[in-house]
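Peer 1: no FASTA, just this:
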Ligand code: 13P
């Protein structure tokens, strides 16, 4: 049985004070048996990671970074390594988020290096995939998502691939207020699980959590999470307020 996993991607938002307040607000909502029923993580900007980790201690909230660089150390100005993220207490890291692919220009090859480095360094990567609107309209959703997953996981054996969470985030649904319908999302999630079974076998496919992301909100979270292959949500805008984020993870 896959435990639902809801993560908040804060993107380039918040400041030090509001970050701590948000973590405290989320912690207050993560009480009682809800902690046993859902894994909750937040992904703040790099500069607030250390203080968020410290505020999240003993609350049940895990902390993830939004990105990493695959090299161990050296002359890579502005970049952050896996070891640094471990050092400040991160558990998770987003790899290949749509904005990194389409705004910053990251390639599948670079994303694969990041996923690989994250696992080698003991972090749990969340590999983000998803099609553009024109790709969906051209009937290419499956092709695009399959390519991103095959490339993102290239070279990983089953034991290492077990560490990965997949996040399906159709680009046209991110920050637009237009979420994929539960049926549209379920269709792609089922395809992804089938692909994982083909690549790694049934056991990995059944254990891997696949999150949906793209305008997830309190009023659509329940219906999305009821789909058999949707195991959680990766939430942007609605994760920036404790009440809306809590309403989302409480809807599991
Ligand atoms: P929104 O929830 O703001 O659409 O963002 C989704 C996302 O990109 C999470 O990583």
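Peer 2: Right, received. Where do you want to start? Keep in mind it's a predicted model, so treat the numbers as computed, not measured.

Peer 1: remind me which residues of the stretch 101-250 of the chain are low pLDDT?
Peer 2: For the stretch 101-250 of the chain, no stretch has pLDDT under 70.

Peer 1: Residue 213 and residue 174: what is the separation?
Peer 2: Plainly put, residue 213 is 7 Å away from residue 174 if you go by Cβ to Cβ, to the nearest Å. Any C-beta I mention is one placed from the backbone N, CA and C, and that applies to glycine too.

Peer 1: now do residue 6
Peer 2: Distance of residue 6 to residue 174, given as Cβ to Cβ: 16 Å.

Peer 1: more neighbours, those two?
Peer 2: residue 6 (26 against 23; other Cβ atoms under 10 Å).

Peer 1: Please pull up the helix or strand immediately following the helix or strand the more buried one falls within.
Peer 2: Assigned by DSSP states H and E, residue 6 belongs to strand 5-9. Downstream of strand 5-9, the first helix or strand assigned by DSSP H and E is helix 16-29.

Peer 1: Report all helices and strands that that following helix contacts.
Peer 2: Helix 16-29 sits against strand 39-43, helix 49-56, strand 61-65, helix 242-250, with contacts defined as 3 or more Cβ pairs under 8 Å, 6 or more residues apart in numbering; DSSP states H and E.

Peer 1: looking at these, which is buried most?
Peer 2: Compared across these, strand 39-43 shows the largest average neighbour count, a mean of 26 (mean count of other Cβ atoms under 10 Å).

Peer 1: Next, work out how far apart residue 172 and residue 228 are.
Peer 2: Note on residue 172: its distance to residue 228, by Cβ to Cβ, is 24 Å.

Peer 1: Which of the two has more residues huddled nearby?
Peer 2: Between residue 172 and residue 228, counted using other Cβ under 10 Å, residue 172 has the larger neighbour count: 20 against 9.

Peer 1: Am I right that that one falls within a helix?
Peer 2: Yes: looking at residue 172 with DSSP: H, G, I helix; E, B strand; the rest coil, it is inside a helix.

Peer 1: For the residue nearest to the spatial centre of the chain, name its beta-bridge partners.
Peer 2: Geometric centre of the chain, nearest residue: residue 126, 4.4 Å, by Cα atoms, centre = their mean. Under the criterion DSSP bridges, residue 126 forms beta bridges with residue 94, residue 165.

Peer 1: thinking it is in contact with residue 111, fair?
Peer 2: No: if you go by Cβ atoms under 8 Å, residue 126 and residue 111 don't touch, sitting 11.5 Å apart.
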